[in-house]
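A.B. asks: okay, sequence plus prediction incoming.
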Amino acid sequence: MKAVRKKDCCLVLEGGGVKCAYQYGVLKTLVKVFGSVEEALFALTGGEIRGVAGSSFGAVNSAMLLAGGMDKLEEFWETLSAEKIFHEPRLQRIMEKIYARQKVFDLSTALFALSSGLDPLATQRKISKLYFDFLIGNIDEKAVRSSGLELGITTVELADFEIRSDKIQQMLPFDIDENDVSLIPNYTKLARKRLLELFLKDIDKGMLPEYVAASAAFPAFRPLKVGAKFYTDGGILDNIPVSMMEKRGFRKALVIRTGTGEPKKRWTDDINVRFITPSRELGAAAIFSVKNIQETIALGEYDAEEAIKASDKLLPGGTK
């Protein structure tokens with residue numbers, strides 16, 4: 001008699017921007033070896049998959065996986081490039097400057113835009129809009145809700161922050177207002193932040209793509225306004241959203257990471273968590289070059305092969 005598989009397992013995808021191409025590489029190998037994501041999770045955790053959770057760009061991967069499976073992830077990651085998102089070479093150079101320095105769109109970046117013949121705030125607004133529109137356009141809400149699996153995402157609600165723009169204005173050859181908060185270094189520290197752990201039932205129909213994009217609202221971009229509220233990257237407060245799945249009743253999790261350090265544990269020992277962790281640092285979160293993306297995918301494929309061979313890659317704590 002065939003044993004009944006208990007549906008108590010989830011896949012959790014850590015945030016990390018373009019580093020999340022690694023997750024596609026891992027899943028690509030797992031599907032190649034085990035035949036499907038479902039069979040891979042059962043082989044590696046002993047549980048039947050009931051849900052997928054992600055933070056930041058991990059939320060984007062999670063939603064795409066539920067909507068279109070590996071075909072959707074392949075279409076997205078195998079064709080992704082800076083040109084596809086930002087279109088104009090000058091905008092791409094602005095993005096390279098931001099992420100090469102691992103900074104938000106701050107005052108020096110704004111002045112760099114100005115020196116390139118671009119209006120700084122208009123440039124930042126355009127970059128942000130192109131980024132969010134691109135993400136929103138890749139989320140098929142109807143397909144996600146029809147997948148039969150639970151989706152969990154995190155985002156951070158910003159409230160009660162004030163920016164003293166008068167003194168800053170004196171230094172700048174362009175006009176700013178209090179809404180241009182991301183010109184201020186570490187602007188998220190000036191806000192009251194609230195972590196939102198959202199499942200499909202918590203999100204109004206028609207709004208899922210916006211909330212997934214809000215989860216991936218890296219602080220280099222303007223906070224994303226959804227309804228009357230502003231949101232920023234869910235990874236700021238919980239980049240590995242295992243705890244929300246534990247509270248949901250999941251008892252097994254496979255986490256595909258993008259970082260290599262010790263994960264910040266927000267869950268209890270009641271959930272059995274296993275990790276596949278990059279064997280080296282993946283670099284900046286938004287180097288959208290084809291070369292960087294393909295190298296990251298290839299490392300994910302390799303590490304998944306090693307993880308299958310060597311159980312130490314799957315030990316709690318993400319140790320290698």
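C.D. replies: That came in fine, so what should we check first?

A.B. asks: residues contacting the residue nearest to A298 when sequence neighbours are not counted?
C.D. replies: Excluding its sequence neighbours, the residue lying closest to A298 (CB to CB, 6 or more residues apart in numbering) is G25, at 6.4 Å. Every C-beta, even on glycine, is put in place using the N, C-alpha and C of the backbone. G25 is in contact with T296, I297, A298, L299, G300, E301, Y302, D303, A304, counting by CB atoms under 8 Å, 6 or more residues apart in numbering.

A.B. asks: do that again at 10 Å, thanks
C.D. replies: By CB atoms under 10 Å, 6 or more residues apart in numbering, the residues touching G25 are 73, 77, 256, 278, 293-304.

A.B. asks: and if you look at T258?
C.D. replies: Neighbours of T258 in contact, by CB under 10 Å, 6+ apart: 13-23, 56-58, 235, 239-240, 277-278, 281-282, 285, 296, 300.

A.B. asks: which among those end up buried?
C.D. replies: Among these, those classed as buried by 16 or more other CB atoms under 10 Å are 13-23, 56-58, 235, 239-240, 277-278, 282, 285, 296, 300.

A.B. asks: can you give me the helices in the stretch 201-320 of the chain?
C.D. replies: With DSSP state H, counting those that start in this stretch, the ranges of helices along the stretch 201-320 of the chain come out as 208-215, 242-247, 290-309.

A.B. asks: mind naming the longest helix for the chain?
C.D. replies: Secondary structure assigned by DSSP state H gives helix 57-79 as the longest helix of the chain.

A.B. asks: okay, buried residues for that helix please.
C.D. replies: Of the residues in helix 57-79, 57-70, 72-74, 76-77 count as buried by neighbour count, 16+ other CB under 10 Å.

A.B. asks: quick one: low-confidence parts of the stretch 101-250 of the chain?
C.D. replies: 101-121, 160-191 (pLDDT under 70).

A.B. asks: for T260, phi and psi?
C.D. replies: Backbone torsions of T260, given as degrees, to the nearest 10, read phi -120, psi -10.

A.B. asks: which residue is the nearest non-sequential neighbour of the spatially most central residue of the chain?
C.D. replies: Central residue of the chain (CA atoms, centre = their mean): F57, 1.6 Å from the mean position. Leaving aside its sequence neighbours, F57 sits nearest to C20 (CB to CB, 6+ apart; 4.2 Å).

A.B. asks: dump the residue contacts of the one you found.
C.D. replies: Residues near C20 by CB under 10 Å, 6+ apart: 13-14, 54, 56-62, 73, 77, 216, 256, 258, 282, 285, 296, 300.

A.B. asks: do the same with K32
C.D. replies: Counting by CB under 10 Å, 6+ apart, K32 has contacts A40, M70, E301, A304, E305.

A.B. asks: just send those residues back as TSV, with pLDDT too.
C.D. replies: Listed next are the contacts of K32 as TSV, based on pLDDT from 0 to 100:
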residue	pLDDT
A40	94
M70	97
E301	98
A304	96
E305	94
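
A.B. asks: give me the number of residues near G227?
C.D. replies: When neighbours are defined as other CB atoms under 10 Å, G227 has 9 of them.

A.B. asks: so which residues of the stretch 51-200 of the chain form strands?
C.D. replies: Using DSSP state E, counting those that start in this stretch, the strands of the stretch 51-200 of the chain run over residues 150-159, 192-199.

A.B. asks: out of those, which is the most enclosed?
C.D. replies: Counting by mean count of other CB atoms under 10 Å, strand 150-159 has the highest mean neighbour count of the strands of the stretch 51-200 of the chain, with a mean of 23.

A.B. asks: and it, what does it pack onto?
C.D. replies: In terms of contacts (3 or more CB pairs under 10 Å, 6 or more residues apart in numbering; DSSP states H and E), strand 150-159 is packed against strand 9-13, strand 49-55, helix 57-79, strand 192-199, helix 208-215, strand 224-226, strand 229-233, helix 242-247.

A.B. asks: show me how far stretch 235-245 is from its chain's centre.
C.D. replies: How far stretch 235-245 lies from its chain's middle: 11 Å, per CA atoms, centre = their mean, to the nearest Å.

A.B. asks: check stretch 280-289 too.
C.D. replies: For stretch 280-289, the distance to the chain centre is 13 Å (CA atoms, centre = their mean).

A.B. asks: CA atoms of that stretch as CSV?
C.D. replies: The C-alpha coordinates for stretch 280-289 follow below in CSV (Å, rounded to 0.1, in the frame of the first residue of the first chain):
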residue,chain,number,x,y,z
ARG,A,280,30.5,31.4,-3.2
GLU,A,281,29.3,35.0,-2.9
LEU,A,282,26.9,35.9,-5.7
GLY,A,283,27.8,39.6,-5.9
ALA,A,284,25.6,42.7,-6.2
ALA,A,285,21.8,42.4,-6.2
ALA,A,286,21.1,44.2,-9.5
ILE,A,287,23.9,43.7,-12.0
PHE,A,288,21.5,42.9,-14.8
SER,A,289,24.2,41.9,-17.3
